[in-house]
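Enquirer: Sequence first, then the predicted structure:
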Amino acid sequence: MYLEKTLAKRNLKTLFDLSGKVALVTGGCGIQGQRITRGLAAHGADVAVIDLHSQGTDDLAKTIADEYGVSTKGIACDVSDPVSVGAMVGTVTDALGDIDVLHNNAASKTDDPVDLFKPFEEFDFDVWRQVMSVNIDGMFLVAQAVGKQMIKQGGGGSIIQTASTYGVVGPDFGIYEGSEYKGYEITTPAAYSASKGAVIALTKYLATYWGAQSIRVNTLVPGGIESGQNETFKKNYGAKTPLGRMAEADEMVGAVVFLASDASSYMTGQMLVVDGGWTAW
């Protein structure tokens, strides 16, 4: 029934139109999340902005509502806590209605970044668990709760999970040369790579598991996004990328809108890699 309704109303001019849909974005106040929430709203979606702290989510939700004339809701949620996730999904449906799109985007940051830069041989297990609790446990909990809600609604929907090129290929440690923080070379920790590889595997599993319910599940695989890195790092990164530079946050928006919309209605279980060619070498 869901598929018949979708195909019957298909209009090639409006494939990317999200009007009438409700989109939920975790990590919505982050550098990438802020641009994604605006991009979804710009294409007509009502948006739930989900992040750890209520002040930021409320402020961003109000700003987006004013800018794009859509309904929004800011909700504080700890995605690593099943109770918090369940309450969040209930709040979204109460405020905005049925959920059509999930951008499962939240990622972990430690209180002290130096914990992430220690060599693998010295990496603390508690920090490993902290990263995993958000990057993969949080992905599981949010996908589970939203998927259950989509089935309750009658099926259909799009779930987009954020991974990374370092969930696909190993890090190139040479790009970090000359970048130090408190005596440690800035680098990508094994916990990050392992968690992002797990996101890709979870996506493929859910795509096959929920296919019969017309719930599509895909992975956004971004390359490095410019966010205040020093010039040495940006130069090193650009030299390893066919396009010769890091991405801007806005350059992920089109991919998410595509995956959220009817333009990708026959796409599930796939990785959409937006990395400037990093993994093409």
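Expert: Good, I have the coordinates. Numbers count the residues shown, from 1 in each chain.

Enquirer: Only C-alpha atoms from now on, for both contacts and neighbour counts.
Expert: Noted.

Enquirer: what residue lies at the spatial centre of the chain?
Expert: Asn105 (2.5 Å; Cα atoms, centre = their mean).

Enquirer: Tell me the pLDDT of that residue.
Expert: With respect to pLDDT, Asn105 scores 97.

Enquirer: One more: Gln229?
Expert: 87.

Enquirer: Quick check: it vs Thr279, distance?
Expert: 21 Å (Cα to Cα, to the nearest Å).

Enquirer: what are the ranges of the helices in the stretch 101-250 of the chain?
Expert: Using DSSP state H, counting those that start in this stretch, the helices assigned to the stretch 101-250 of the chain run over residues 125-135, 137-152, 190-209, 231-239.

Enquirer: Distance to Asn218 added to these, as TSV?
Expert: Shown next, in TSV, are the helices of the stretch 101-250 of the chain (distance: least, Cα to Cα, whole Å):
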stretch	distance to Asn218
helix 125-135	16
helix 137-152	12
helix 190-209	6
helix 231-239	26
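
Enquirer: Looking at these, spot the one closest to Val25.
Expert: helix 137-152 (10.4 Å; Cα to Cα).

Enquirer: Give me the mean pLDDT for that closest one.
Expert: 98.

Enquirer: Over to stretch 164-183?
Expert: Rounded mean pLDDT across stretch 164-183 is 84.

Enquirer: Make 24 the first number, not 1, from now on.
Expert: From this message on, residue numbering opens at 24, which makes the last subject stretch 187-206.

Enquirer: How far off centre is it?
Expert: 21 Å (Cα atoms, centre = their mean, to the nearest Å).

Enquirer: Return the alpha-carbon coordinates of that stretch using CSV.
Expert: Presented in CSV, the C-alpha positions along stretch 187-206 are these (Å, rounded to 0.1, in the frame of the first residue of the first chain):
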residue,chain,number,x,y,z
SER,A,187,33.0,8.0,7.4
THR,A,188,35.5,7.2,4.8
TYR,A,189,37.5,5.7,7.7
GLY,A,190,34.8,3.1,8.1
VAL,A,191,35.6,2.0,4.5
VAL,A,192,39.4,2.4,4.3
GLY,A,193,42.2,2.7,6.8
PRO,A,194,43.5,6.1,7.9
ASP,A,195,46.3,7.7,6.0
PHE,A,196,48.4,8.7,9.0
GLY,A,197,50.7,10.9,6.9
ILE,A,198,48.1,13.7,6.8
TYR,A,199,48.5,14.3,10.5
GLU,A,200,52.2,15.1,10.3
GLY,A,201,52.9,18.5,11.9
SER,A,202,49.7,18.6,13.8
GLU,A,203,50.1,18.2,17.5
TYR,A,204,47.9,18.8,20.6
LYS,A,205,49.3,18.6,24.1
GLY,A,206,52.2,16.5,23.0
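
Enquirer: Which residues in it does the neighbour count mark as buried?
Expert: Within stretch 187-206, the residues scored as buried using 16 or more other Cα atoms under 10 Å are Ser187, Thr188, Tyr189, Gly190, Val191, Pro194, Ile198, Tyr199, Ser202.
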